[in-house]
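Asks: Okay, structure incoming, though there's no sequence with it:
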Ligand code: IPM
Ligand code: MN
């Protein structure tokens, strides 16, 4: 029996409700795979901030470092000014725990829930590797003459060779192992004949951001040519990427991009896979503490009503087990989610699933047990 110690941050709004269902499913699956999960709850979020005036004590960051993984519900409170909790909890953990990858799979489980016409599950099946520690998110910049007519606001995008390179290497490695070395159908016959097995698309803006994405592009081709000749290198500007997500999502296999572009394109990715109710992500530090979350947010208006879709949190739990090395358990949970979506649900949207939050958790738990 292998025991994993997991830190749990239910957080704000519907976060605690969806995390509860994720735990239910993890606990239902665990015995089948000889696994045991032990959870430690952390009270973080808007309510605690309002009570104590502190978003997150330093001591909590120190404690969280000792866990291999954190399961996070949502951060964001309507009565707390935007930015305080995001910066004080979510971004702080991503940065201080050096979770330099934000991995966001975009997979359509059921064509009924896709807003795009004529797209099937096999057409929407790609992964976005978002750089998670740099870019526009570091807080570098500032004001001059704030509040005057001469005000200047500067927000700088930080791109270090080290930060970009470790992100690119993760993406290349991920592309290599994603389909178990099987050729990807997006490759042309001559590319397959030349030994290529997968495709990695760099999403950037080399025509305008001629410093930041010059670094990205050079590193991409240098590393790819030298160490990943079996991965086809592809490039797309970010604006074109959003167009192709809608028009030709089947063109993508693995996409690597910076923090800001990754944030934006993964919301669109979530929509084409069926909405925020199903979209999960992992903030990864391959050598430290990683954090898994539904990417949808705290949805305050649905709090406590048993209407929010818990599947994104359940999928985040599956990603967590995959990352911890329990790949069979992760696959079984994902399979149970797929069966539940296809056989039971009327919709993936809050309040329209045909079941409540707890009942959806029960269905997946029963399917996996
Ligand atoms: C996300 C969110 C966060 C981000 C916010 C809440 C800071 O939108 O996880 O995508 O911008 O990264
Ligand atoms: Mn976002």
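Replies: Sure thing, it's come through. None of these values were measured; they are calculated from a predicted model. Residues are numbered from 1 along each chain as shown. Ligands and ions are numbered 1, 2, ... in the order given.

Asks: rest of the way, CA atoms for contacts and neighbours
Replies: Will do.

Asks: How about the secondary structure of residue 112?
Replies: helix (DSSP: H, G, I helix; E, B strand; the rest coil).

Asks: neighbours around it, how many?
Replies: Taking other Cα atoms under 10 Å as the criterion, the count of residues near residue 112 is 19.

Asks: any idea how far ligand 1 is from it?
Replies: Between residue 112 and ligand 1 the computed distance is 25 Å (Cα to the nearest ligand atom, to the nearest Å).

Asks: for residue 8, same thing?
Replies: 17 Å.

Asks: And residue 84, by the same measure?
Replies: Applying Cα to the nearest ligand atom to residue 84 and ligand 1 gives a distance of 10 Å.

Asks: what does the stretch 201-350 of the chain put close to ligand 1?
Replies: Residues of the stretch 201-350 of the chain lying close to ligand 1 by Cα under 6 Å from any ligand atom are 263, 295.

Asks: Okay, helices next: where are they in the chain?
Replies: Ranges of helices in the chain, per DSSP state H, are 15-29, 46-52, 58-64, 84-85, 92-96, 161-178, 189-193, 212-227, 238-247, 259-272, 311-323, 327-343, 357-368.

Asks: what's the longest one in contact with?
Replies: Right, helix 161-178. 100-101, 129-131, 133-134, 197-200, 215-216, 219-220, 223-224, 228, 230-231, 253-256 (Cα atoms under 8 Å, 6 or more residues apart in numbering).

Asks: Check which residues of that helix are buried.
Replies: Within helix 161-178, the residues that qualify as buried by neighbour count (16 or more other Cα atoms under 10 Å) are 163-165, 167-172, 174-176, 178.

Asks: Now tabulate those in TSV and tack on pLDDT.
Replies: Listed next are the buried residues of helix 161-178 as TSV, based on pLDDT from 0 to 100:
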residue	pLDDT
163	98
164	99
165	98
167	99
168	99
169	98
170	98
171	98
172	98
174	98
175	97
176	96
178	94
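
Asks: Nearest spatial neighbour of the residue in the stretch 151-300 of the chain positioned nearest to ligand 1, chain-adjacent residues omitted?
Replies: Here the residue of the stretch 151-300 of the chain nearest ligand 1 is residue 263; by Cα to the nearest ligand atom that distance is 4.9 Å. Of all residues not flanking residue 263 in the chain, residue 130 sits nearest, at 7.5 Å (Cα to Cα, 6 or more residues apart in numbering).

Asks: ok, now residue 79?
Replies: residue 46 (7.7 Å).

Asks: these two touch, right, that neighbour and residue 75?
Replies: Yes - using Cα atoms under 8 Å, residue 46 is in contact with residue 75, at 7.5 Å.

Asks: What subset of the contacts of helix 161-178 is buried?
Replies: Here, 16+ other Cα under 10 Å leaves 100-101, 129-131, 133-134, 197-200, 215-216, 219-220, 224, 228, 230-231, 253-256 buried among these.

Asks: These in strands, which ones?
Replies: Those of these mapping onto strands are 101, 129, 130, 131, 198, 199, 200, 231, 254, 255, 256, per DSSP state E.
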